Every structure is written in C-alpha cells, then in structure tokens.
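Asker: predicted structure and sequence below. I'll ask about it afterward.
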Amino acid sequence: TRSAVAAAQKLGGEVHVLVLGAEGAAAAAKRPGVAKVLVAKGDSMALAEPVAALLISLAPGYDALLAPGSAAGKNVLPRV
C-alpha cells in the first residue's frame with residue numbers, strides 16, 4: 001500500500017485511499033500525502049466482484065486507480 005500511495009503521489013493531485021473494512025482507515029489517514037480516506041464496510045467487501053463494482057462506480061471521479069501488488073490488488077484490478 002505504501003508503494004501504491006507513493007506512485008499515486010508521483011502522478012500529482014490529491015491521493016485518496018479506499019480501505020476495505022474499518023480497520024486500517026486511521027493508519028491510512030496518517031500516511032503522508034493522503035488527502036482523503038474512503039471506507040467500504042460489509043461482508044461483501046471480502047469478494048473481488050463487489051469491490052470491482054465499487055471501484056467502477058468511483059472511477060469516473062478519478063484520473064487513475066492504483067492498487068498494491070498484493071494478491072487482493074491483483075485479483076480486483078483486472079476486473080475493473
């Protein structure tokens with residue numbers, strides 16, 4: 001996640017972080033360069049399809065979407 005935030009900062013503009021579940025939101029908000037933290041709660045956020053649908057709904061408001069190189073990031077982003 002740190003690397004994704006750093007890459008987003010290099011693109012310029014505000015960096016917003018989407019956190020799946022409430023835990024981690026406070027830590028994400030403390031990261032240097034993070035302007036806004038979005039939190040998605042619910043059991044369905046553990047599945048790639050609902051997360052991809054959420055990202056698709058948010059995408060028009062952003063120039064770029066980045067994800068960590070984790071298994072979750074590699075599972076969700078191709079679906080967007």
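Answerer: Thanks, I have the structure now.
Asker: contacts, neighbours, all on C-alpha from now
Answerer: Noted.
Asker: which helix or strand contains Leu55?
Answerer: Counting by DSSP states H and E, the element that carries Leu55 is helix 48-58.
Asker: CA atoms only for that helix - export them in CSV, please.
Answerer: Presented in CSV, the C-alpha positions along helix 48-58 are these (Å, rounded to 0.1, in the frame of the first residue of the first chain):
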residue,chain,number,x,y,z
ALA,A,48,-13.4,-9.4,-5.7
GLU,A,49,-16.6,-8.8,-7.7
PRO,A,50,-18.3,-6.3,-5.2
VAL,A,51,-15.0,-4.5,-4.7
ALA,A,52,-14.6,-4.2,-8.5
ALA,A,53,-18.1,-2.9,-8.8
LEU,A,54,-17.4,-0.3,-6.2
LEU,A,55,-14.3,0.8,-8.0
ILE,A,56,-16.1,1.1,-11.2
SER,A,57,-18.7,3.3,-9.6
LEU,A,58,-16.0,5.5,-8.1
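Asker: now the spatially most central residue of the chain, nearest residue through space, not along the chain?
Answerer: With distances taken as CA atoms, centre = their mean, Leu18 lies nearest the centre of the chain, 3.5 Å away. Among residues not flanking Leu18 along the chain, Leu38 sits closest, at 4.6 Å (CA to CA, 6 or more residues apart in numbering).
Asker: circling back to that earlier point, from the chain's centre, how far out does the helix holding Leu55 sit?
Answerer: Relative to its chain's centre, helix 48-58 lies at 10 Å (CA atoms, centre = their mean, to the nearest Å).
Asker: what's the first helix or strand after it?
Answerer: Note on helix 48-58: by DSSP H and E, the next helix or strand toward the C-terminus is helix 71-76.
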